[in-house]
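1. Have a look at this prediction, sequence included:
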Protein chains: 4
Amino acid sequence: MIELAANRYGKAAIRLVRVARDPGGHRLRDLTVAIALEGAFEAAHTDGDNSMVIATDTMKNTAYAFAQDHLDGSIEDYGRALAEHFLEAPQVDAATVNIRAHQWTAIDVAGTPAPDAFVRGGDGTRVATVKATRGGTSVEAGVEDLVVMKTTRSAFSGFPRDRYTTLPDTDDRLMATRITAIWRYGSPDLDADVTFAAVRSTLLEVFADHDSPSVQTSIWIMARAILERHDEVEEVRMVLPNLHHWLVDLTPFGLVNDREIYTPTTEPHGLIEATVRRGEA
Amino acid sequence: MIELAANRYGKAAIRLVRVARDPGGHRLRDLTVAIALEGAFEAAHTDGDNSMVIATDTMKNTAYAFAQDHLDGSIEDYGRALAEHFLEAPQVDAATVNIRAHQWTAIDVAGTPAPDAFVRGGDGTRVATVKATRGGTSVEAGVEDLVVMKTTRSAFSGFPRDRYTTLPDTDDRLMATRITAIWRYGSPDLDADVTFAAVRSTLLEVFADHDSPSVQTSIWIMARAILERHDEVEEVRMVLPNLHHWLVDLTPFGLVNDREIYTPTTEPHGLIEATVRRGEA
Amino acid sequence: MIELAANRYGKAAIRLVRVARDPGGHRLRDLTVAIALEGAFEAAHTDGDNSMVIATDTMKNTAYAFAQDHLDGSIEDYGRALAEHFLEAPQVDAATVNIRAHQWTAIDVAGTPAPDAFVRGGDGTRVATVKATRGGTSVEAGVEDLVVMKTTRSAFSGFPRDRYTTLPDTDDRLMATRITAIWRYGSPDLDADVTFAAVRSTLLEVFADHDSPSVQTSIWIMARAILERHDEVEEVRMVLPNLHHWLVDLTPFGLVNDREIYTPTTEPHGLIEATVRRGEA
Amino acid sequence: MIELAANRYGKAAIRLVRVARDPGGHRLRDLTVAIALEGAFEAAHTDGDNSMVIATDTMKNTAYAFAQDHLDGSIEDYGRALAEHFLEAPQVDAATVNIRAHQWTAIDVAGTPAPDAFVRGGDGTRVATVKATRGGTSVEAGVEDLVVMKTTRSAFSGFPRDRYTTLPDTDDRLMATRITAIWRYGSPDLDADVTFAAVRSTLLEVFADHDSPSVQTSIWIMARAILERHDEVEEVRMVLPNLHHWLVDLTPFGLVNDREIYTPTTEPHGLIEATVRRGEA
């Protein structure tokens, strides 16, 4: 017998800009939204019966329509409004909305922010994922593509050596990574903008402040600090590529390279992932 | 209490080319390899203790060294040799090796394949993932980035309409997608090259042959055919973006556009995922 | 005094698919088109006067409308129809149309090509650029992203050595490159499909056949062959990155690597460009 | 007769990080460097004679070696040192060095910049190109990928209408673009860091401040301001894609969309290029 197992569908890469034309200056939101539904969609697969299939085009339209009334607050609140709307359809068991927020800043004109002109930029992308089910709504927030580097206070030594090991121990290397950090809140009811800013600050400060004996330990130290300082957070998941920077050998040119000139590389790279959470006492 | 939950680490994006210099003509393998380990790595996180941490640089070295003796057969066999090698370390509970194979073809010179010159190309990328644990070794194979289109025999109608629905029913649309299809074998002991080619043919033939009332149904029809025709396969997972092609409105120019001129788009796109498997009788 | 110098404008990234629904099987064209105009556009810059500025939206509409009647033949003919149309506007001195053609192949179903299902792929992208001016119309054709490799018969030695030179001479290296080759025809009146296929074959065959003492010489040999064999071609311009493949040092593992295992790299890469043409006798 | 015409070669995508370990805090430079030479390289092409061909690997080594002594100042000064070094070889007629500088900022820890931890980010990429010839050295500076948006004060109307024109006139649209702006200095002897910052400020301020009747006029206004305010600059070249943002039609949902909700798009896009310079009086 052949059967349908896990399945879901939706609309991805919905691009949306909202301009709030406040008298004191425009506010700009630039989002990429993805919506996915799970539920009673077996007949759509096995019988070609679309009577339960909310069109993904309808999802896109809903994302635009809801941007008018539900996007004055946090992206988490907007995602929640969308997810809970789709959950109203009886065939839907779970609606997941993922949002990436692209950062724009008012252009500085002689010390004053322009009211109606912006430059895109910043460091990393803020993300949020809201999942609504009959059992409740969960909210995850986080950052992606937050590229950071420690120029000292990073080591890697004491690892096992076998026939294929050539890497020397080091007590002072560059450590660069592109942080993906996603944290889950205990409740969807919170001021998500304030909490996001606070958690992000913790993440960056602890990255800057700690001594790193390995990327694994760095994840543990950063995630633990987030959990210790922010009661709203239940769990932190991190994915950290190790973007190696190799010291260039300048001795053929009669030069000494004392941790000064490096070659950044992307292929290959280490890839370290871990989840840290509140456990049973 | 704060605790470490799921974690793994490894080396990704290991680029590797192997040239087998056979007298009758060179054979070329061009792979991107990723290796990930799970196991007793808690102390590496919480204590900065690297004594159990096989360096990701060692993983890379091993991938190169093993390419010499273990890459004459399928990429699945190479992946298995690597995964089972890393499982020999007692602290490792699971070793996963993912391989992407980039396709090169001997250049045609006046009807004869060149023995030592190649062109890169083809359609889609062959992938394999081997996971070795104390309980045994599992093998998944598949394709990524296999971009296909049906120029007719694709419909989408009968879906529910609400306040936000504007999409009309259609009984003849273009259907284009970038197939990710991953299938799991019941046993790691098989001629993986022969089976891969056979499953891939089934996938493409059924894509070409069937009438599609929705992307969901297309997944079901293709996956079921793979399971019906290939006993080696236990489960098929597909991810199909719906790469919309919109009919261009030429009426302002006094022209009739009878399913001839389309605008391909990538943002937004539908995204349909499902797993189909052999179930209990 | 401040003055306007060279300027041009247009529409880029116009995506267009055309399906010719022939009874014997559909024919599929998938193009990315860019249109640029030069001419009497000074007032648009300096006075904000748009009365001469053909809207780039109009260019896009024209590209779609012309796809119906002018795209049964080669992309060069389609580009010419578009370019000469825009030249009809008196303010236009030069209209340039660049076309990239994405390759689709009918899916093979048990030995027969499907009439209405296609797979995207192939090696390299065919490109064409047509420029129409009052003095006449010029046509360039070519390929981009044609990735090729020679696994032997490539050397690089005898280069000068200074304080900063560490590269050893080699008489047998891998040579891999991503060919951009653009050739200009002496006249726009030709069967551009037939000539394109012939020139492309020459390019690949000579790449496969020749002994390469350097990328520079390879360009010369390939371009000269194109000019010698194809009277329609007046000039060939090539851009060849040298995509280095470094032999992996396996000696730490007790292995000998006799030109078998390589690391492909993209950063940094050599970049060699040259134009070869018919000169004065 | 077949002859070699324009040609050049070099090394591209040289990735380089330099850490200056000052007691008060590390300074970080992260560059991508490309070097290209022109000169007496005909024999390399036509005769396979490499005796004049400075290896591109040597160029890379030189870039690393020079980073130690020549990168304490501006990237323009570093580029100049490299370019003038390669020009010392008698066979070289022109040496061009292009540098892209990736921006890192010290991480803020409770109001204080970390001495040894950085986050990558910012808006746009600073670029410089230095070309050294026997006749002298020219320096260009600029920005790439500087993405900006005006949420009002941008119009496009009064353009000609023909059979293929459907775009309505608008007196209030979003204008978004990804600025490439390159300016040439009259002399290579200047404080390139100070001037870069000043010109970049002018560019952004004028973008924010002006009323735009078209992208063409915006280029003129911005470039003219740069030339008027910065005597060091002789010429400004700009490439501005028009990244269209379309107002979403919400009327099917009973909503009014008064310049609030937009769909950003990238395909197709307008593309406007112009050079503005000091002319003869």
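-> Received the coordinates, thanks.
2. only C-alpha atoms for contact and neighbour calcs from this point on.
-> Will do.
3. and A:L250, how many neighbours?
-> 18 (other CA atoms under 10 Å in any protein chain shown).
4. One more: A:D57?
-> There are 18 residues near A:D57, going by other CA under 10 Å.
5. List the contacts of the closest residue to it other than its chain neighbours.
-> Counting by CA to CA, 6 or more residues apart in numbering or on different chains, the nearest residue to A:D57 once its immediate chain neighbours are dropped is B:L167, at 6.5 Å. The contact partners of B:L167, by CA atoms under 8 Å, 6 or more residues apart in numbering or on different chains, come to A:55, A:57-58.
6. how close does B:L167 sit to chain C?
-> Note on B:L167: its distance to chain C, by CA to the nearest CA, to the nearest Å, is 21 Å.
7. for that residue, helix, strand, or coil?
-> Reduced to three states with DSSP: H, G, I helix; E, B strand; the rest coil, the structure at B:L167 is coil.
8. one step back: just the contacts of B:L167 now: which is nearest chain C?
-> Nearest to chain C out of those is A:D57 (CA to the nearest CA; 20.5 Å).
9. Check whether the closest one sits in a helix, strand or coil.
-> Assigned by three-state DSSP, the conformation of A:D57 is helix.
10. which helices and strands sit right next to whichever strand or helix holds A:V33?
-> Take DSSP states H and E as the rule and A:V33 turns out to sit in strand A:25-39. In terms of contacts (3 or more CA pairs under 8 Å, 6 or more residues apart in numbering or on different chains; DSSP states H and E), strand A:25-39 is packed against strand A:2-22, strand A:92-101, strand A:104-109, strand A:112-120.
11. Next, give phi and psi for A:A89.
-> In this entry, A:A89 is assigned phi and psi values of phi -70, psi 130 (degrees, to the nearest 10).
12. So which bits of the stretch 151-281 of chain A are right by chain B?
-> Proximity of the stretch 151-281 of chain A to chain B (CA under 8 Å from any CA of the partner chain) is limited to residues A:156-161, A:164-167, A:213-214, A:216-221, A:224, A:227, A:267-281.
13. May I see the ChimeraX selection of the buried members of these?
-> A single ChimeraX command suffices to select whichever of those are buried according to 16 or more other CA atoms under 10 Å in any protein chain shown:
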select /A:156,157,158,159,164,165,213,214,216,217,218,219,220,221,224,227,267,268,269,270,271,272,273,274,275,276,277,278
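14. thinking again about what came up before, got the phi and psi for the residue nearest to A:D57?
-> Recorded main-chain torsions at B:L167 are phi -60, psi 130, according to degrees, to the nearest 10.
15. Contacts made by stretch A:193-202 with the rest, please.
-> A:74, A:141-143, A:222, A:225-226, A:230.
16. Give the buried residues for it.
-> For stretch A:193-202, the neighbour count (16+ other CA under 10 Å) marks A:195-196, A:199, A:201-202 as buried.
17. Kindly report the same for stretch A:218-238.
-> Residues A:218-227, A:232-238 are the ones in stretch A:218-238 that count as buried (16+ other CA under 10 Å).
18. The strand holding A:V33 pairs with which strands?
-> strand A:2-22 (antiparallel), strand A:92-101 (antiparallel) (DSSP bridges).
19. So what touches that strand?
-> When contacts are taken as CA under 8 Å, 6+ apart, the neighbours of strand A:25-39 outside the stretch itself are A:7-21, A:59, A:63, A:83, A:86, A:91-104, A:114-116, D:151.
20. If we use 7 Å, what do you get?
-> Outside of strand A:25-39, the residues within contact range by CA atoms under 7 Å, 6 or more residues apart in numbering or on different chains are A:7-21, A:91-102, A:115-116.
21. what does stretch A:236-256 give?
-> Counting contacts by CA under 7 Å, 6+ apart, the residues touching stretch A:236-256 from outside are A:174, A:176-184, A:219, A:223, A:257, A:259, A:261-266, A:269-277, C:163-164, D:65.
22. Report the contact partners of the residue in the stretch 101-250 of chain A positioned nearest to chain B.
-> In the stretch 101-250 of chain A, the residue that lies nearest chain B is A:T217 (4.2 Å; CA to the nearest CA). With contacts taken as CA under 7 Å, 6+ apart, A:T217 has the following neighbours: B:44-46, B:48.
23. again, only this time at 8 Å
-> When the contact criterion is CA under 8 Å, 6+ apart, the partners of A:T217 are B:44-48.
24. Could you say which helix or strand holds it?
-> When secondary structure is defined using DSSP H and E, the element that contains A:T217 is helix A:215-229.
25. No further queries at this time; thank you.
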